[in-house]
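Peer 1: Predicted structure and sequence below. I'll ask about it afterward.
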Amino acid sequence: QVQLVESGGGLVQAGGSLRLSCAASGRTFSSVGMSWFRQPPGKEREFVSRINWSGTSTYYADSVKGRFTISRDNAKNTVYLQMNSLKPEDTAVYYCAAGRPGVFQYDYNSWGQGTQVTVSS
């Protein structure tokens, strides 16, 4: 399995930007799909975005399409989530996950501990 550690969360005003990072350990990182999920306060965890092993295929939830960009650097064992034009409804704990590049939680078998993103209005 891959061990994952997220960073980059914080408090930002609506309309602002943040970049989340997820550092992975393990030699299999470059061969697995990666994703970001989030869990808003009082709600279920939801899919945000995913990227395939090579970075050539990405997919986004409708709620973030056009505002968020997922990318990866296999040389650095890191996946990123660039979040622009943030809205208060983007407030959540953000998790990265490793596995096959699907949109369901069961597609992934390694999870980070999460990083809090809070967007103020």
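Peer 2: Structure received.
Peer 1: Show me what secondary structure element comes after the helix or strand of the chain with the lowest mean pLDDT.
Peer 2: One helix or strand of the chain scores below all others by mean pLDDT, DSSP states H and E: strand 108-111, with a mean of 93. Once the chain leaves strand 108-111, the next helix or strand it forms, by DSSP states H and E, is strand 115-120.
Peer 1: mind saving the C-alpha coords of that following strand as CSV?
Peer 2: C-alpha atoms of strand 115-120 as CSV (Å, rounded to 0.1, in the frame of the first residue of the first chain):
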residue,chain,number,x,y,z
THR,A,115,-6.6,18.4,5.6
GLN,A,116,-9.1,21.1,6.5
VAL,A,117,-10.2,23.7,4.0
THR,A,118,-12.4,26.5,5.3
VAL,A,119,-13.8,29.2,2.9
SER,A,120,-15.3,32.2,4.5
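Peer 1: in its sheet, what does the least confident helix or strand of the chain sit against?
Peer 2: strand 92-99 (antiparallel) (DSSP bridges).
Peer 1: Which residues does the strand it pairs with contact?
Peer 2: Applying Cβ atoms under 8 Å, 6 or more residues apart in numbering, the contact partners of strand 92-99 are 1-2, 4, 6, 9, 20, 22, 24, 29, 32-41, 45, 48, 79, 81, 105, 107-117. The way it works is simple: take the backbone N, C-alpha and C, and place the C-beta from them, glycine included.
Peer 1: Can you tell me which residue sits nearest the middle of this structure?
Peer 2: Central residue of the chain (Cα atoms, centre = their mean): W36, 2.6 Å from the mean position.
Peer 1: Distance check, that residue against V117.
Peer 2: In this view, W36 and V117 are 11 Å apart by Cβ to Cβ, to the nearest Å.
Peer 1: what do these two both touch?
Peer 2: With Cβ under 8 Å, 6+ apart as the test, W36 and V117 both reach L20, Y94.
Peer 1: on that earlier part again, just how off-centre is the least confident helix or strand of the chain within its chain?
Peer 2: Distance of strand 108-111 from its chain centroid, counting by Cα atoms, centre = their mean, to the nearest Å, is 12 Å.
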